[in-house]
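Student: for reference, the sequence and a predicted model appear below.
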Amino acid sequence: MIFLWILISYFVILLLWVNQGTAYDYATKKGYEGTKYRWIAAIPFYGFSYFKKLKSSKILDEREVKHLFSFDILSKRIGLYALLLLIFFMFLIPFSVLIYLSLRNSLLQTLIGIFVVILLFLLHQGTVVDYAAKKGYEGTTVGLIGLIPVYGFIYYRNLPKRRNVSNTTLKEVFKPSHMFSRLFVYAEITLVAIVVIIPVVYIFGMAFAGRASIPNTIWPDSPNINAFKFLFEETKFTTWYWNTLSIALINMFVGTFLITGAAYVFARFSFKGKKAGLLTILVLQAFPSFMGLIAMYVLFWRFGILGQPRMLSILYIGGSIPGNLWLIKGFLTQIPKDLDESAMIDGANKFQIFIWIILPLAVPILTFVAVSMFMGPWMDYMLPGYLLQFKPEGAPTDYDVQTQWTLAVGLFKFINDLNLQNYSAFAAGALLVGLPITILYMVFQRYLIEGIMAGATKG
């Protein structure tokens, strides 16, 4: 029933909007423009009859009027308005549902209240900064003073102008159109920030809640470190951490080295089967790794490496070759071959060119690939969850399989196994998992941004 009313409302508004647009275009053809005539055009039936009675202030060609009501123009207008109205409804309906739910949920009311306060705060600060910039005041100090409610406006209103700007220009800062656009931008930024920050805060709260069950508040009333003590004292968390870290480091160094070498060959050398090889690698990228899970198990079993965590690097490196090889190859192709030729004239061989010329220039893309290779084992559960559940060959009868798990396997038990269920421990482990990845991102941030842009270039 609700859907039917939404559908009826959609078509009624669409018809009224098309009527208004067509009537106002008709008025414009006769020389009447402005807000007054827009409102008159919005009145069904009356708008057309009103404009039809008005005398034309321009030379009006009847063919223009007929063209305005032609099927071609009307169909385009209906299609455009229908699309815009659909986008509006897509925003309006979730917003309305959110408001309705907030009336029944105190937590949601709190979140919406926080959203509105932050939005108004940012709107005030942005408006003060724009007003101060018009008068010639810019910089960090302006932004900080703009954070002070009300005072920011009073402060910069009383300061003398540094630029020759009229009062009319200053008043444009407060125009409804400018305020609405600024409100829309800050609303989007605030919403994204809340969507990102709330889960992170909840994970921190859960980690310090010290409870095995799921907490029903974002932050606990009495934070403690019991979950971290449980991880280090009652589980093999340090062993899992070392297993995962060692796999990640092998992945990062060995994988990046092998892939870079192969990419250099494809980028700088011409040989028979090069195009077919690149195409084959590209096709292999389309198949997910779990499709070969049984084959991987058989190979690990036959080679006697089941239950050995470091051996998973073979699969991770092999699986990452197709995509990363194309990324690095595309970057290396952009490096001019004139550098190679100049170095060869000076007596350098191919290996020296690769080490002393190509590698330093390829640091951004190599950093991006290395960090990506490092992240892979921390997030993967399927391969270690299957291949590390078996004892290695020659293991004693009292051998503990948990000593060969990775973090993903061990932490997943805290939410999947009823006997080991501990959500606070899972959250605490998740925070410690994110620590090395966060450090890497912070250290190599500049190179990562350059690498992403470089990897997007066609090679």
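Tutor: All right, it came through fine. Residues are numbered from 1 along each chain as shown.
Student: where in this protein is pLDDT low?
Tutor: 1, 60-61, 102, 105, 107, 212, 447-459 (pLDDT under 70).
Student: for the helix or strand containing residue 329, buried residues please.
Tutor: Assigning secondary structure by DSSP states H and E places residue 329 in helix 312-334. For helix 312-334, a neighbour-count test (16 or more other CB atoms under 10 Å) marks 312-317, 319-332 as buried. All C-beta spots, glycine's among them, are computed from the backbone N, C-alpha and C.
Student: again, but for stretch 255-262
Tutor: In stretch 255-262, counting by 16+ other CB under 10 Å, buried: 255-256, 258-260, 262.
Student: now that stretch - C-alpha only, PDB.
Tutor: What follows is stretch 255-262, C-alpha atoms only, in PDB (Å, rounded to 0.1, in the frame of the first residue of the first chain):
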ATOM      1  CA  GLY A 255      56.500 -11.300  -4.300                       C
ATOM      2  CA  THR A 256      57.300  -7.700  -5.200                       C
ATOM      3  CA  PHE A 257      60.800  -8.700  -6.400                       C
ATOM      4  CA  LEU A 258      59.500 -11.600  -8.600                       C
ATOM      5  CA  ILE A 259      56.600  -9.600 -10.000                       C
ATOM      6  CA  THR A 260      58.800  -6.600 -10.700                       C
ATOM      7  CA  GLY A 261      61.400  -8.700 -12.600                       C
ATOM      8  CA  ALA A 262      58.700 -10.300 -14.700                       C
END
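Student: residue 22 and residue 65 touch, don't they?
Tutor: No - using CB atoms under 8 Å, residue 22 is not in contact with residue 65; the gap is 10.9 Å.
Student: between these two, which one's more packed in?
Tutor: residue 22 (19 against 16; other CB atoms under 10 Å).
Student: could you list every helix and strand in contact with the helix holding residue 329?
Tutor: helix 237-250, helix 256-268, helix 274-284, helix 363-379, helix 382-387, helix 445-455 (3 or more CB pairs under 8 Å, 6 or more residues apart in numbering; DSSP states H and E).
Student: can you list the residues that contact the next helix or strand after that helix?
Tutor: Downstream of helix 312-334, the next assigned helix or strand under DSSP H and E is helix 338-345. For helix 338-345, contacts defined as CB atoms under 8 Å, 6 or more residues apart in numbering pick out 268, 352-353, 356-357.
Student: just the ones of these in helices?
Tutor: Among the contacts of helix 338-345, DSSP state H puts 268, 352-353 in helices.
Student: what's the burial count for the nearest residue to residue 413 once chain neighbours are set aside?
Tutor: Spatial nearest neighbour of residue 413, chain neighbours left out: residue 420 (4.8 Å); criterion: CB to CB, 6 or more residues apart in numbering. Per other CB under 10 Å, the neighbour tally for residue 420 reads 15.
Student: measure residue 420 to residue 225 for me?
Tutor: Per CB to CB, to the nearest Å, residue 420 is found 20 Å from residue 225.
Student: then residue 111?
Tutor: 27 Å.
Student: ok, now residue 231?
Tutor: Residue 231 is 10 Å from residue 225, by CB to CB.
Student: who's more crowded, these two?
Tutor: Higher neighbour count among residue 231 and residue 225: residue 231, with 26 against 12, using other CB under 10 Å.
Student: secondary structure element for that one, which one?
Tutor: With DSSP H and E as the criterion, the answer for residue 231 is helix 226-234.
Student: kindly report the same for residue 52.
Tutor: Under the assignment here (DSSP H and E), residue 52 is part of helix 46-53.
Student: likewise residue 141?
Tutor: helix 140-146.
Student: how about the helix or strand following that helix: buried residues?
Tutor: Sequence order places helix 151-158 as the next helix or strand after helix 140-146, per DSSP H and E. Buried positions in helix 151-158, judged by neighbour count with 16+ other CB under 10 Å: 152-153, 155-156.
Student: which single one of those residues is nearest to residue 4?
Tutor: For those, the residue nearest residue 4 by CB to CB is residue 153; the value is 48.3 Å.
Student: list the contacts for the closest residue to that closest one other than its chain neighbours?
Tutor: What sits nearest to residue 153 in space, not counting adjacent residues and going by CB to CB, 6+ apart, is residue 128, at 6.0 Å. Counting by CB under 8 Å, 6+ apart, residue 128 makes contact with 142, 145-146, 152-153, 156.
Student: which one of those sits closest to residue 306?
Tutor: Using CB to CB, residue 146 is the member of these that lies nearest residue 306, at 62.2 Å.
Student: domains for the chain, by residue range?
Tutor: For the chain, automatic domain parsing gives the domain ranges 2-104, 108-207, 229-455.
Student: how much space separates the closest residue to residue 161 other than its chain neighbours from residue 124?
Tutor: In space, and not counting its chain neighbours, residue 161 is closest to residue 135: 5.0 Å by CB to CB, 6+ apart. Distance of residue 135 to residue 124, computed by CB to CB: 17 Å.
Student: ok, now residue 25?
Tutor: The value you get for residue 25 to residue 124, if CB to CB is used, is 39 Å.
Student: do residue 34 as well
Tutor: From residue 34 to residue 124 the distance is 33 Å (CB to CB).
Student: the more surrounded of the two?
Tutor: Comparing residue 34 with residue 124 by other CB under 10 Å, the one with more neighbours is residue 124, at 18 against 11.
Student: what's the angle from the helix or strand encompassing the more buried one to helix 151-158?
Tutor: Applying DSSP H and E as the criterion places residue 124 in helix 106-135. Helix 106-135 runs at 10 degrees relative to helix 151-158, counting by axes from the mean of the first three to the mean of the last three CA atoms, to 10 degrees.
Student: return the distance of helix 106-135 from the chain's centre.
Tutor: Taking CA atoms, centre = their mean, to the nearest Å, one finds helix 106-135 lying 23 Å from the centre of the chain it belongs to.
Student: and the next helix or strand past whichever strand or helix holds residue 12?
Tutor: Using DSSP H and E, residue 12 maps to helix 2-29. Later in the chain than helix 2-29, the nearest helix or strand by DSSP H and E is helix 35-41.
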